[in-house]
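Participant: let's see this in three dimensions:
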Amino acid sequence: MKYFVVFLAICSSAICFSEAGELLEKVKNIAEECKNQVGASDDDVAGLLKYEPAANDKAKCLRACTMKKFGIMDENNKLVEAAAIDYIKAVAAGDAEFEKLSTEVFNECKNTPASSDECEFAETFSSCIIENSKSKGIKILPQ
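Facilitator: Numbering: from 1, shown residues only. Prediction:
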(Lines give C-alpha, C1' and ligand atoms only; values in the text may rest on other atoms or scores of the structure.)
Protein backbone atom coordinates (compact mmCIF):
# COMPACT_ATOMS: atom_id res chain seq x y z
CA MET A 1 0.00 0.00 0.00
CA LYS A 2 2.76 2.47 0.89
CA TYR A 3 4.33 1.90 -2.55
CA PHE A 4 1.03 2.77 -4.16
CA VAL A 5 0.91 6.04 -2.19
CA VAL A 6 4.48 6.88 -3.25
CA PHE A 7 3.56 6.03 -6.84
CA LEU A 8 0.54 8.37 -6.68
CA ALA A 9 2.69 11.14 -5.21
CA ILE A 10 5.24 10.77 -8.01
CA CYS A 11 2.51 10.72 -10.66
CA SER A 12 0.79 13.79 -9.26
CA SER A 13 4.13 15.64 -9.15
CA ALA A 14 4.78 14.72 -12.77
CA ILE A 15 1.31 15.95 -13.73
CA CYS A 16 1.91 19.22 -11.87
CA PHE A 17 5.22 19.78 -13.67
CA SER A 18 3.54 18.93 -16.96
CA GLU A 19 0.71 21.39 -16.28
CA ALA A 20 3.21 24.11 -15.30
CA GLY A 21 5.09 23.53 -18.55
CA GLU A 22 1.85 23.75 -20.52
CA LEU A 23 0.94 26.97 -18.74
CA LEU A 24 4.35 28.48 -19.51
CA GLU A 25 3.85 27.62 -23.19
CA LYS A 26 0.40 29.21 -23.08
CA VAL A 27 1.85 32.36 -21.48
CA LYS A 28 4.55 32.53 -24.15
CA ASN A 29 2.02 32.01 -26.96
CA ILE A 30 -0.32 34.67 -25.62
CA ALA A 31 2.58 37.07 -25.09
CA GLU A 32 3.63 36.49 -28.71
CA GLU A 33 0.07 37.12 -29.95
CA CYS A 34 -0.12 40.28 -27.88
CA LYS A 35 3.33 41.40 -29.02
CA ASN A 36 2.08 41.42 -32.59
CA GLN A 37 -1.23 43.01 -31.61
CA VAL A 38 0.28 45.98 -29.73
CA GLY A 39 3.56 46.32 -31.62
CA ALA A 40 5.77 45.31 -28.69
CA SER A 41 9.28 43.93 -29.14
CA ASP A 42 10.91 40.63 -28.27
CA ASP A 43 12.66 42.48 -25.42
CA ASP A 44 9.25 43.55 -24.08
CA VAL A 45 8.11 39.91 -24.08
CA ALA A 46 11.34 38.83 -22.38
CA GLY A 47 10.79 41.48 -19.71
CA LEU A 48 7.25 40.25 -19.13
CA LEU A 49 8.49 36.69 -18.69
CA LYS A 50 11.27 37.81 -16.32
CA TYR A 51 8.90 39.75 -14.05
CA GLU A 52 10.51 43.08 -14.95
CA PRO A 53 8.66 46.40 -14.97
CA ALA A 54 7.60 47.54 -18.43
CA ALA A 55 10.33 49.51 -20.18
CA ASN A 56 7.99 51.49 -22.46
CA ASP A 57 4.36 52.12 -23.37
CA LYS A 58 4.17 49.14 -25.75
CA ALA A 59 5.41 46.86 -22.97
CA LYS A 60 2.66 48.24 -20.72
CA CYS A 61 0.09 47.47 -23.40
CA LEU A 62 1.60 43.99 -23.79
CA ARG A 63 0.76 43.41 -20.11
CA ALA A 64 -2.78 44.67 -20.59
CA CYS A 65 -3.30 42.41 -23.59
CA THR A 66 -2.00 39.32 -21.79
CA MET A 67 -4.12 40.08 -18.73
CA LYS A 68 -7.20 40.41 -20.94
CA LYS A 69 -6.46 37.20 -22.87
CA PHE A 70 -6.18 35.33 -19.56
CA GLY A 71 -9.43 36.96 -18.42
CA ILE A 72 -7.70 38.61 -15.46
CA MET A 73 -8.72 42.07 -16.70
CA ASP A 74 -12.09 42.81 -18.27
CA GLU A 75 -13.05 45.26 -21.02
CA ASN A 76 -13.60 47.98 -18.38
CA ASN A 77 -10.01 47.63 -17.13
CA LYS A 78 -11.12 45.98 -13.91
CA LEU A 79 -9.63 42.89 -12.34
CA VAL A 80 -11.59 39.67 -12.54
CA GLU A 81 -10.77 38.10 -9.19
CA ALA A 82 -12.05 34.60 -10.03
CA ALA A 83 -9.89 34.43 -13.17
CA ALA A 84 -6.86 35.68 -11.26
CA ILE A 85 -7.35 33.03 -8.57
CA ASP A 86 -7.76 30.35 -11.26
CA TYR A 87 -4.50 31.53 -12.84
CA ILE A 88 -2.73 31.40 -9.47
CA LYS A 89 -3.99 27.85 -8.92
CA ALA A 90 -2.76 26.82 -12.37
CA VAL A 91 0.67 28.33 -11.74
CA ALA A 92 0.84 26.78 -8.26
CA ALA A 93 0.16 23.33 -9.76
CA GLY A 94 -0.67 21.84 -6.38
CA ASP A 95 1.97 23.71 -4.33
CA ALA A 96 -0.20 24.88 -1.42
CA GLU A 97 2.40 27.27 0.03
CA PHE A 98 3.02 28.91 -3.34
CA GLU A 99 -0.73 29.24 -3.90
CA LYS A 100 -1.19 30.78 -0.44
CA LEU A 101 1.62 33.32 -0.91
CA SER A 102 0.51 34.17 -4.45
CA THR A 103 -3.06 34.71 -3.27
CA GLU A 104 -1.74 37.01 -0.52
CA VAL A 105 0.16 38.99 -3.16
CA PHE A 106 -2.95 39.24 -5.33
CA ASN A 107 -5.03 40.39 -2.35
CA GLU A 108 -2.46 43.10 -1.61
CA CYS A 109 -2.68 44.36 -5.21
CA LYS A 110 -6.30 43.77 -6.20
CA ASN A 111 -7.35 47.26 -5.13
CA THR A 112 -5.04 48.93 -7.64
CA PRO A 113 -6.74 52.23 -8.50
CA ALA A 114 -8.83 52.06 -11.66
CA SER A 115 -7.66 53.86 -14.78
CA SER A 116 -9.27 54.61 -18.11
CA ASP A 117 -5.92 53.68 -19.68
CA GLU A 118 -5.75 49.87 -19.76
CA CYS A 119 -1.99 49.90 -20.33
CA GLU A 120 -1.29 52.11 -17.31
CA PHE A 121 -3.65 50.08 -15.13
CA ALA A 122 -1.99 46.81 -16.19
CA GLU A 123 1.45 48.22 -15.45
CA THR A 124 0.45 49.59 -12.05
CA PHE A 125 -1.13 46.27 -11.10
CA SER A 126 1.80 44.26 -12.48
CA SER A 127 4.32 46.44 -10.66
CA CYS A 128 2.46 45.79 -7.43
CA ILE A 129 2.45 42.05 -8.13
CA ILE A 130 6.16 42.05 -9.04
CA GLU A 131 7.24 44.00 -5.95
CA ASN A 132 5.08 42.04 -3.52
CA SER A 133 6.14 38.74 -5.08
CA LYS A 134 9.80 39.66 -4.72
CA SER A 135 9.27 40.63 -1.09
CA LYS A 136 7.79 37.16 -0.45
CA GLY A 137 10.43 35.40 -2.56
CA ILE A 138 7.99 34.02 -5.14
CA LYS A 139 7.54 34.20 -8.89
CA ILE A 140 4.05 34.47 -10.33
CA LEU A 141 4.84 33.03 -13.76
CA PRO A 142 6.21 29.51 -14.15
CA GLN A 143 9.77 29.20 -15.44
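Participant: can you give me the helices for the chain?
Facilitator: Along the chain, the segments classed as helices by DSSP state H run 2-38, 42-49, 57-69, 81-92, 96-109, 118-136.
Participant: which elements pack onto the fourth one?
Facilitator: In terms of contact count using 3 or more Cβ pairs under 8 Å, 6 or more residues apart in numbering; DSSP states H and E, helix 81-92 is assigned the packing partners helix 2-38, helix 96-109. To be clear about C-beta, it is placed using only N, CA and C from the backbone, and glycine gets the same treatment.
Participant: average pLDDT across that helix?
Facilitator: In this model, helix 81-92 has an average pLDDT of 91.
Participant: and the helices of the chain, which is most packed in?
Facilitator: The highest average neighbour count among the helices of the chain, using mean count of other Cβ atoms under 10 Å, belongs to helix 57-69 at a mean of 22.
Participant: now do the same contact list for S102.
Facilitator: I88, V91, A92, S133, I138, I140 (Cβ atoms under 8 Å, 6 or more residues apart in numbering).
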